[in-house]
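Colleague: Can you look at this prediction? I've put the sequence above it.
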Amino acid sequence: MPAKERFDCWRELVGRTRDSEMTSVHADDFQAEMRRLELGPVTLLRSSFPPARFRRTADRVRRSDPGVYHLTLVLDGGLSLTRDERDPTAVFGPGELYVLDSSQPYDVRGLGARATARGPRRVEAVGVDFPVSALPLPPHRLRTVMGRAFSGREGTSALLTDFVVGLDRQAALLGPAETPRLGTVVVDLVAAWLARELDAEGALPDDGRRRAIVENVRGFIRRNLHDPELTPPAVAHAHHISVSYLHRLFTQDAQGETVAAWIRRQRLEKAHRDLADPALRTVPVHALATRCGIPRPSDFSRAFRAAYGLSPSEHRRRALSGPADG
């Protein structure tokens with residue numbers, strides 16, 4: 001794209017859900033990247049851009065308010081936020097997230113990471129935009145959390161950030177039938193996180209709480225696949241629920257698949273990916289299996305062959321063979 005058209009194009013893409021006055025000292029040679037993923041009424045934006053300013057004035061709010069919440073997770077660089085001239089400016093760094101309401105003015109500035117030999121300073125961020133009406137928490141309850149910095153590295157917020165970043169990485173593989181459901185899950189996770197911050201879990205509908213617990217369980221399992229003691233009782237204990245309740249929640253959401261079966265499938269899928277990874281070609285098969293929580297070679301070989309129809313070694317050989325090897 002010609003240099004003189006880049007900034008206007010990027011501004012139009014951002015403005016579809018984040019209507020503001022956008023300016024940048026780099027507008028004449030604006031080098032940015034953006035991926036936009038529609039998840040039903042939810043929009044996910046993955047962006048990388050040089051320092052820029054996003055100013056939503058009171059006049060702009062009066063002219064048009066789409067009734068949208070904007071969640072932003074900073075991955076690299078920084079963002080500053082001024083919501084009111086009487087309030088101090090907040091600064092958000094990597095790993096922090098915040099929420100804004102389109103019905104309120106704001107002034108956001110991208111600070112960028114340090115400049116390198118490869119180019120100017122840049123901001124890396126993921127945004128999630130969704131209707132105010134989709135969140136099962138009344139707007140007046142959220143006033144105290146708007147514009148505040150929260151860590152995305154612990155508790156329910158860590159589950160939310162992991163899920164959002166994972167969605168962005170898998171965007172090219174998602175089919176149109178999946179995306180609306182995933183948008184619902186994103187809103188459920190946002191609701192669960194904010195409800196916990198506000199000590200208002202009781203305000204969430206039963207379905208939303210159930211989906212949030214299931215995603216929390218799945219995230220916990222994915223992070224602990226290396227542990228051979230990762231069993232349904234261990235998972236239930238970590239989430240302070242009974243084993244029977246865990247099974248009931250999971251089978252409702254996973255079309256009958258049990259917790260143990262899902263754990264086993266995740267272990268084998270991770271092993272399948274790792275065996276095909278050129279960067280891991282020197283790691284012994286049994287070591288990769290142990291990393292996936294299956295320390296006994298015979299158990300791993302038997303389960304892998306049952307799932308994929310060939311041995312782990314044969315899968316690795318085929319996956320890593322070059323064109324010359326057929």
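Modeller: That came through, no problem. Residues are numbered from 1 along each chain as shown.
Colleague: What are the buried residues along the worst-scoring helix or strand of the chain on mean pLDDT?
Modeller: When the helices and strands of the chain are compared on mean pLDDT, DSSP states H and E, helix 206-223 comes out lowest with a mean of 80. When neighbours are counted by 16 or more other CB atoms under 10 Å, the buried residues of helix 206-223 are found to be 208-219, 221. No exception for glycine: its C-beta is placed from N, CA and C like everyone else's.
Colleague: what does stretch 15-33 give?
Modeller: Counting neighbours by 16+ other CB under 10 Å, one finds that the buried residues in stretch 15-33 are 17, 18, 19, 20, 22, 24, 26, 27, 30, 32.
Colleague: Same list (the residues you listed) but as TSV, adding distance to residue 190.
Modeller: Shown next, in TSV, are the buried residues of stretch 15-33 (distance: CB to CB, whole Å):
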residue	distance to residue 190
17	15
18	16
19	21
20	21
22	25
24	29
26	32
27	32
30	30
32	26
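Colleague: And the helices in the stretch 201-326 of the chain, which stretches?
Modeller: Taking DSSP state H, counting those that start in this stretch to define them, one finds helices in the stretch 201-326 of the chain at 206-223, 232-238, 243-253, 259-275, 285-291, 297-308, 312-320.
Colleague: what's the fourth one in contact with?
Modeller: This points to helix 259-275. Applying CB atoms under 8 Å, 6 or more residues apart in numbering, the external contacts of helix 259-275 come out as 217-218, 221-222, 225, 230-232, 235, 246-247, 250, 254, 257, 280, 283, 285, 288-289, 291-294, 300, 303-304, 307-308, 312, 315-316, 319.
Colleague: Filter the residues you listed down to just the buried residues.
Modeller: Among the contacts of helix 259-275, those classed as buried by 16+ other CB under 10 Å are 217-218, 221, 225, 230, 232, 235, 246, 250, 280, 285, 288-289, 291-294, 300, 303-304, 308, 312, 315-316.
Colleague: for the least confident helix or strand of the chain, the distance to its chain's centre please.
Modeller: With CA atoms, centre = their mean, to the nearest Å as the basis, helix 206-223 stands 14 Å off its chain's centre.
Colleague: same thing with stretch 299-316?
Modeller: Taking the mean of its C-alpha atoms, stretch 299-316 sits 31 Å from the chain's own mean (CA atoms, centre = their mean).
Colleague: Quick one: end-to-end distance for stretch 160-177.
Modeller: As for stretch 160-177, its first-to-last residue distance stands at 22 Å under the measure CA to CA, to the nearest Å.
Colleague: tell me which residues in it are buried?
Modeller: Taking 16+ other CB under 10 Å as the basis for neighbour counts, the residues of stretch 160-177 that come out buried are 160, 161, 162, 163, 164, 165, 167.
Colleague: Turn those residues into a markdown table, including pLDDT.
Modeller: Supplementary listing: those in a markdown table, determined by pLDDT from 0 to 100:
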| residue | pLDDT |
| --- | --- |
| 160 | 88 |
| 161 | 90 |
| 162 | 87 |
| 163 | 87 |
| 164 | 90 |
| 165 | 89 |
| 167 | 85 |
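Colleague: Among those, which one sits closest to residue 123?
Modeller: Distance to residue 123 across the buried residues of stretch 160-177 (CB to CB) is lowest for residue 165, with 15.6 Å.
Colleague: is it true that the closest one lies in a helix?
Modeller: Yes: inclusion of residue 165 in a helix is indicated when DSSP: H, G, I helix; E, B strand; the rest coil is applied.
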